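In: Here is my input; please provide its structure:
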Amino acid sequence: MTDKLLCEQEGHVVTLTFNMPETRNALTDADLCNAIVDAMHRINRDQTVRCAIVTGAGTAFSSGGNLKHMKEKSSIFGGDAVDAKDGYRSGIQRVAKAMWECEVPLIAAVNGPAYGAGCDTTCLCDIRIASTRATFAENFVRVGLISGDGGAWLLPRQVGLSRAAEMTFTAEPVDAETACSWGLVSKVVDPDELLPEAQALAARIARNPPRQLRMAKRLLREGLNTRLDTVLELAAAYQGACHQTEDHAEAVVSLLEKRDANFTGR
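Out: Residues are numbered from 1 along each chain as shown. I've put the predicted structure just below:
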């Protein structure tokens, strides 16, 4: 693990912090990209994790691509067209796939500007909470590029095609309140309340049985692109599995006994 990504676990909740404030947490750093991918894989393997929070150190969530790398034609921006394609596939696109395939609920605690790939990274999370200092911009065309990390697929699913087109074609930022009214974020809070709010939400999620949380997330993901009858078939299979778990039995008994449940993941 690199110190460019901080990883802390408290109880059943993991907090991941992009820790490159000197670059405003630019996502074109190979070490950071690799660390994010590794963290997602570890979370998937660890059944003690029930929820994760993603946030940024310093004043920004993430500035997206590093302008210095663009100017110098370094990092993923170096070489010819084929080299650049390979750089995207081995870098930020691996991050996008790993975050999208994360099995536990992901909360983005957006502490500041989320631009370009930073904006798209928030869209890879299931829930977004924003600080009043947060802004969101799909600003790729402003630097003569297009979204290389799936933003054209992600953003319309969050805000609808018309608003996604407006953000993409103007490359202009929207503030936190606008993002909330558009459905891009669930809630806007004062900066000092951001992490406590995200942690409180994560705790509310993490009190539920871990395997069922993962299956519920998978159903939501499948529902984005799959026919209803296919989702119903998968849901029936998942329900059959859920009925056999100790956590299902514990959930029913605890509700009947009006007490907190003690879930074990079995």
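In: From Cys119, how far off is the one residue sitting closest to the centre of the chain?
Out: Nearest to the mean C-alpha position of the chain, counting by Cα atoms, centre = their mean, stands Cys125 at 2.4 Å. From Cys125 across to Cys119, the span is 11 Å (Cβ to Cβ, to the nearest Å). C-beta: built from backbone N, CA, C; applies to glycine.
In: Quick check: bridge partners of Asp175?
Out: Thr135 (DSSP bridges).
In: hang on, it packs against Thr135?
Out: Yes. Assessed by Cβ atoms under 8 Å, Asp175 is found in contact with Thr135 at 5.6 Å.
In: quick one: the strands in the stretch 151-266 of the chain?
Out: Per DSSP state E, counting those that start in this stretch, the stretch 151-266 of the chain carries strands over the ranges 174-175, 187-189.
In: now those as CSV including mean neighbour count, mean pLDDT and distance to Glu10?
Out: Converted to CSV, those look like this (neighbours: other Cβ atoms under 10 Å; pLDDT from 0 to 100; distance: least, Cβ to Cβ, whole Å):
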stretch, mean neighbour count, mean pLDDT, distance to Glu10
strand 174-175, 18, 97, 31
strand 187-189, 18, 98, 20
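In: in this protein, which spans are helices?
Out: For the chain, the helices defined by DSSP state H occupy 30-45, 67-72, 81-90, 92-100, 117-123, 151-159, 161-170, 176-181, 194-206, 210-223, 228-243, 246-256.
In: Looking at these, which is nearest to Cys51?
Out: Smallest distance to Cys51 across those (Cβ to Cβ): 4.3 Å, for helix 194-206.
In: Give me the distance from the closest one to the chain's centre.
Out: Mean-position distance between helix 194-206 and its chain equals 15 Å (Cα atoms, centre = their mean, to the nearest Å).
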